[in-house]
Each structure stands twice: as C-alpha cells, then as structure tokens.
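Asks: Structure for the following, please:
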Amino acid sequence: MKALRYLAASVAVLIALAPVYWLITISLKREVDQFAYPPQWIGFHATFAHYAEAFGGGSFAIYFLNSVALAAMSTLAALLIGVPAAYGLARFEWPRRWDQRVGDWILSTRMLPPIVTIVPLFLMLRGVGLINSLAGLAIVYTGFNLPFVVWMMRGFFEEVPREMEEAAMLDGESRSGALVRIVLPLVKPGLAATAVFCLVFAWNEFLFALILTQTQAAMTLPVGIASRVTQYEIQWGAMSAAGVVAMLPVLVFASAAQKYLVRGLSLGAVKG
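Replies: Numbering: from 1, shown residues only. This next block holds a predicted model:
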C-alpha cells in the first residue's frame, strides 16, 4: 500500500510539473523546434533569444515592475486594513450577533463574479481620474483582497486564547500593544498564508488590468503576455519566456514564507 501511495504521489507531481517543464522548454527552443513532431522534451538546441526578445525592448520589464508594485502595494494595504478589522470581529462583543452577520456579509462580497463589477468600477475610477493608473488598480485589488483577509485572519485570531491578551493588559499593555506584541507573533502562519493568497491573486489578475489599463505605462504582466497573441501570429517563445519570469516572484515569496506555512494553520500549539 505504501508503494502505491508513493507511486500515486509521484504521478500527481509529474502531472502538475509537466506544463511548467513544457513552458520552460518552449522558452528555450528555437521556433523550428517548438513545432517539431514528435515533441522534443529533451535534446533540443537551447537559446536565450526569446528572453532577449521579451525583455530586451523594455516593454516586458515595465509590465514586470508594474505587477511587482501592484502586488506588493495591494497585499500590504489589504493586510494593514483587514487585520485590525478581523481582530475587532474576533475579540469585541457585538449586539445581536452582528459580528457573525458582518462577517458573512464581508465574505459574500468576495463571492461576486468580478465581471459584474467591472462597469461600475470603470465609471468610478474614471470619475476620479484613476483610469489607466497603478493607483486605481491597487485600490481595486485591495478591495477584492480585503474580504479574504478579514475572513481568514478572524479565524486565526479566534484560535488565540483571550487570557494571553488579558494578562498583557493587566501588566499595563494597551489593546493595540497586546495585538502587536502578543497576538500577531502567534498568528504568523496565518499572516503568511493570507499574504501568499493575496499576492497570488494580485499577481495573476487579468480582467481588471485588461479593462482598467490602456497604455503600456500601467499595463501588468498578464496583460502584456496576452498582448503577444495577435491576429497575425502568436509569439510562443516570448510569451513562454515572460511566463517563466512571471513565476519567479511568487515562488520566491512562497519560499520565504514557507517556514511559517509548514507550522500548520490551525495554531493548535497556542491552545491549552
């Protein structure tokens, strides 16, 4: 049975990694090798010409930097706003169970299909002059990440015993001080997991960036990659090269947060 489990896990890993390997190989193949039949999985002549084509002109570099700035700003803003809100829902007494109702309402806003909000968002951003700007996209991404942050962090805060904060406040600590010095260090796994999910959403988001940006200066990497599909050709090599580079920041961030993620997200160690 153990051998079968290892075999099934190995097959699952190979299936998951096969598209990534194919993307990397396409980014390194010459055009004549990209369409070879049967496909050349190994033994092809590698070239970095597609990376030079994608980033040599500077356009993909601009898209990359825009995506990095947007992902960082929206993730940080969502955490700064959502963490105190989640703490308030988890710790303070609300009349008539309004904490549960507010929590359900916050989560319900995340269930809306993004396409139904694109027209009012476009009109609102146009009214304040934020169309085709990184600031406008950052506000939109923060708004869509906030419900997720509040809902996730509320659960993590509820796992931390109240007695720890009460003991700190009896020793003269303020409520905000207890949150920063006592509670937040205990919920680092939750913060790391929430930040990773927010970062991935902001990094991969395509619809809002496509509709709300119209020039190269504010275009993000997913939209820039899609722009290589034209009515005349599909630039597979440049798209694959940009896709490989697009994977790197998320992998780096997830690896940096891994030591908190591997602790588990139940926070059971602080109970009792």
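Asks: wait, residue 54 sits on residue 238?
Replies: Yes. Taking contacts as CB atoms under 8 Å, residue 54 lies within contact range of residue 238: 4.3 Å. The C-beta positions use only the backbone N, C-alpha and C, and glycine is treated the same way.
Asks: Those two: who's more crowded?
Replies: Regarding residue 54 and residue 238, a neighbour count based on other CB atoms under 10 Å identifies residue 54 as having more, with 27 against 22.
Asks: ok, now which ones touch that one?
Replies: 60, 238, 239, 241, 242, 245 (CB atoms under 8 Å, 6 or more residues apart in numbering).
Asks: these two touch, right, the last one and residue 67?
Replies: What that stands for is residue 245. No. At 10.3 Å, residue 245 and residue 67 do not qualify as touching, with contact defined as CB under 8 Å.
Asks: Which element, helix or strand, includes the residue positioned nearest the centre of the chain?
Replies: Geometric centre of the chain, nearest residue: residue 200, 1.7 Å, by CA atoms, centre = their mean. Taking DSSP states H and E as the criterion, the element that holds residue 200 is helix 188-204.
Asks: List the buried residues in that helix.
Replies: By neighbour count with 16 or more other CB atoms under 10 Å, helix 188-204 contains the buried residues 188-196, 198-199, 201-203.
Asks: same for the helix or strand just after that helix, what does it pack against?
Replies: Later in the chain than helix 188-204, the nearest helix or strand by DSSP H and E is helix 207-212. Packed against helix 207-212 by the contact rule (3 or more CB pairs under 8 Å, 6 or more residues apart in numbering; DSSP states H and E) you find helix 118-127, helix 134-159, helix 221-226.
Asks: Now do the buried residues in helix 207-212.
Replies: Using 16+ other CB under 10 Å as the test for burial, helix 207-212 gives 208, 209, 210, 211, 212.
Asks: Surely residue 211 and residue 122 touch.
Replies: Yes. Contact criterion CB under 8 Å: residue 211 and residue 122 qualify, at 6.2 Å.
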